[in-house]
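Undergrad: Next comes the sequence, and after it the predicted model I'd like to discuss.
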Amino acid sequence: MSVTSQVTTFSDIYTDIMNRARADTALTATSNQAKRYANIALQDMHLGFEYRLPWAIRRAILRTHDTYETGTVAVSIGATAVTGTSTLWTTANNYSENNARTTGKMTISGTTDIYRISAVGSDTSITLATAYVADSAASGAAYVYFEDEYELASDFLRPVDFRTFSAVAEIPLINRQEFQRKFPRPSTSGRPIVATILDLGVSGSTALVKRVQFYPYPNSTFIFPYDYITANVAVSSTGTEATVLSADTDEPLMPLRYRHAIVLGAMYHWYRDKKNDARSMAMKSEYVDIMLRISSDFDIGTY
């Protein structure tokens, strides 16, 4: 770490925290505390000012899936196994995506129920997530496979604007409760006119699965550009983004000229936990001041 330059790397940041606190930099426990406070401060910064931090904004494009209705299906009452005739469920379409996937849903002629799909075994085999309910078994029945929920970018944290999913496609966002109240059943197909963001259960990791749900469900392939706030706050020396500062050579995503704000935020937490209220409040005042100046900096495109 240079003694005269702005803090740059993770090592610079947590070393500066310890130096300001006059702590022993040779103690592993102390350096670990400084590292933790640095990451807390960095997360706080993105949590409170995400709409005014341009470096946290990312762009992505979502492509919807056309409905699939080729062939017929058969399924017994109380069963989850659906057998298709003249169906091509595991055959790829023009976009190298299978015609049916576990992210989809299915309606079967003769009922109004909507079934989620838990597995797609072959071109002619689908497993429903719940048992088929009807007055009689379906045989040679028409069906509609559709998708109204889509995975978002892997680093998606939240929308830039909670009022709009895609400004280009003119798709507004509404909250989940309002969406479920207005559109409890995805019974209509067409070009989506409204969306909501879902947090689903974990799958293969500790992170919640985030999806966007549309209404009506898409009946064609559409392209929807959207902007979002990334969950990543750091970048490695090889250019890989991450959700925390970890290696000594990692750097915050924020521009170099603002990085001392992380130290001020960390010092607030440090002194607060050490029960030094006077210094804690002094550091908090400096941190709030620098964050207000950052968020008002016209040089980064704020207003």
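TA: Perfect, I can see it now.
Undergrad: Could you say which helix or strand holds Gly201?
TA: If you go by DSSP states H and E, Gly201 is part of strand 194-202.
Undergrad: Which elements pack onto that strand?
TA: Counting contacts by 3 or more Cβ pairs under 8 Å, 6 or more residues apart in numbering; DSSP states H and E, strand 194-202 is packed against strand 164-166, strand 171-172, helix 176-182, strand 208-215. Every residue, glycine included, has its C-beta placed from N, CA and C.
Undergrad: With Ala195 as the reference, name the closest of the ones you listed.
TA: Among the helices and strands packed on strand 194-202, the nearest to Ala195 by Cβ to Cβ is strand 164-166 (4.3 Å).
Undergrad: The closest one pairs with which strands, parallel or anti?
TA: When pairs are called by DSSP bridges, strand 164-166 turns out to pair with strand 171-172 (antiparallel).
Undergrad: tell me the SS of Leu245?
TA: The three-state assignment at Leu245 reads coil, by DSSP: H, G, I helix; E, B strand; the rest coil.
Undergrad: Count the neighbours of Ser187 for me.
TA: Neighbour count of Ser187, defined by other Cβ atoms under 10 Å: 12.
Undergrad: Pull the contacting residues for it.
TA: 112, 114 (Cβ atoms under 8 Å, 6 or more residues apart in numbering).
Undergrad: For it, give its distance to Asn232.
TA: The gap separating Ser187 from Asn232 is 38 Å, by Cβ to Cβ, to the nearest Å.
Undergrad: try Ile40
TA: Counting by Cβ to Cβ, the gap from Ile40 to Asn232 is 16 Å.
Undergrad: cool, Ile77 as well?
TA: Distance, Ile77 to Asn232, by Cβ to Cβ: 49 Å.
Undergrad: which of those two has more neighbours?
TA: Shown here are Ile77 and Asn232; by other Cβ under 10 Å, Asn232 has more neighbours (18 against 12).
Undergrad: The more buried one belongs to a strand?
TA: No. Counting by three-state DSSP, Asn232 falls outside a strand, being coil.
Undergrad: That one and Asp155 touch, don't they?
TA: Yes. Here Asn232 reaches Asp155: they are 5.1 Å apart, a contact under Cβ atoms under 8 Å.
Undergrad: For this structure, which residues score under the pLDDT cut-off?
TA: Along the chain, the model assigns pLDDT under 70 to residues 1-4, 49-51, 202-203, 298-303.
Undergrad: Show me the longest helix that occurs in it.
TA: Using DSSP state H to define each element, the chain has its longest helix at helix 28-49.
Undergrad: now could you export just the CA positions of that one as CSV?
TA: The C-alpha trace of helix 28-49 is given here as CSV (Å, rounded to 0.1, in the frame of the first residue of the first chain):
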residue,chain,number,x,y,z
THR,A,28,-5.2,-11.9,12.2
ALA,A,29,-8.3,-11.3,14.3
THR,A,30,-7.9,-7.6,14.0
SER,A,31,-7.4,-7.7,10.2
ASN,A,32,-10.4,-10.0,9.9
GLN,A,33,-12.5,-7.4,11.8
ALA,A,34,-11.3,-4.7,9.4
LYS,A,35,-12.1,-6.8,6.4
ARG,A,36,-15.6,-7.5,7.7
TYR,A,37,-16.3,-3.9,8.4
ALA,A,38,-15.1,-2.9,4.9
ASN,A,39,-17.5,-5.3,3.3
ILE,A,40,-20.4,-4.2,5.5
ALA,A,41,-19.7,-0.6,4.5
LEU,A,42,-19.5,-1.4,0.8
GLN,A,43,-22.8,-3.3,1.0
ASP,A,44,-24.4,-0.5,2.9
MET,A,45,-23.3,1.9,0.3
HIS,A,46,-25.0,0.0,-2.5
LEU,A,47,-28.1,-0.7,-0.5
GLY,A,48,-28.7,2.9,0.3
PHE,A,49,-27.7,4.7,-2.9
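Undergrad: Before I go, just wanted to say thanks for your time.
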